[in-house]
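Asker: What would the 3D arrangement of this be:
(chains A and B)
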Amino acid sequence: MKVLFYGRLAEAIGPELEIEARPGCSVAELRDRLAAEHPHAAPVLRSKRARTCIRDILVADDHRLAAADTVEFLSPLSGG
Amino acid sequence: MSIVARLEEASLRPEQELDALIAQASGDGAVVSFVGIARSESKRGPVERLILEHHSILTQQSLDEIAVAAGERFDVSHVRVVHRCGEIAPGEPIVFAGAASRHRRAAFDAADYLMDRLKTEAVFWKREVGEDGSAWIEPTEADYADRERWG
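Answerer: Predicted coordinates:
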């Protein structure tokens, strides 16, 4: 499964990871695993302002992932 | 009703955007516009440049969604949002947000709404680069509270 990161998460973890994840695992489970493996990025991963996207659509924490999914973790947004 | 929502990688000329909006608004009574400009100083000291990272698809989608929502919510005839990405020097414009309407209140409200949503929901990640490296800039609690005013 490909995982992409943006903003300060990309700086902390890198822009892209290829990971083995159990098909059917939830976004929350994936986030917990990433937070455990990258503790310096955990506060941003767990921020209520961070967002998760699959195929350019925002998904909730209970969304179940397929093996072919690319998951995108967006750091808190800052436009304007 | 016309909606313009554009991502600019190279340069943003607010005066051209305002001229275009006024030209479109020939039958209207009001045009309100806001221009956000890169600051030369932050609490960390002098700012050498601002870097606005974006997403290849989600950024344009977010600009479209916010501009369309402003057009639906307020009694406006034209909405125009132009947002820079990439490297921006202090003093250069970052964003233009404008609206035209028959009466001024709707245009003021639409411009206010556009900026509150752009600050917190447009898909960008902002970094200030100064003498001692770079720092990520995120909305303040006041920015999020401003966004919440609109429900």
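Asker: Just the CA atoms of the lengthiest helix in chain B, as CSV, please.
Answerer: Secondary structure of chain B per DSSP state H: the longest helix is helix B:104-121. Taking C-alpha atoms only, helix B:104-121 is exported to CSV below (Å, rounded to 0.1, in the frame of the first residue of the first chain):
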residue,chain,number,x,y,z
ARG,B,104,-22.8,46.1,-1.3
ARG,B,105,-23.6,43.9,1.7
ALA,B,106,-23.6,40.6,-0.2
ALA,B,107,-20.3,41.4,-1.8
PHE,B,108,-18.7,42.2,1.5
ASP,B,109,-20.0,39.1,3.1
ALA,B,110,-18.9,36.9,0.2
ALA,B,111,-15.4,38.2,0.3
ASP,B,112,-15.3,37.7,4.1
TYR,B,113,-16.6,34.2,3.7
LEU,B,114,-14.1,33.4,1.0
MET,B,115,-11.1,34.4,3.0
ASP,B,116,-12.3,32.6,6.2
ARG,B,117,-12.7,29.4,4.3
LEU,B,118,-9.5,29.8,2.2
LYS,B,119,-7.4,30.3,5.3
THR,B,120,-8.5,27.1,6.9
GLU,B,121,-9.8,24.8,4.1
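Asker: now check it, is it near chain A?
Answerer: Yes: Helix B:104-121 reaches chain A (CB under 8 Å from any CB of the partner chain) through B:115, B:118-121. From N, CA and C alone the C-beta is placed, and that goes for glycine too.
Asker: Pick out the residue nearest the middle of chain A.
Answerer: A:Phe73 (3.5 Å; CA atoms, centre = their mean).
Asker: centre of the chain versus the one helix or strand in chain A whose mean pLDDT sits lowest, how much separation?
Answerer: The helix or strand of chain A with the lowest confidence, counting by mean pLDDT, DSSP states H and E, is strand A:57-58 at a mean of 93. When distances are taken as CA atoms, centre = their mean, to the nearest Å, strand A:57-58 is centred 12 Å away from the chain's centroid.
Asker: That'll do, ta.
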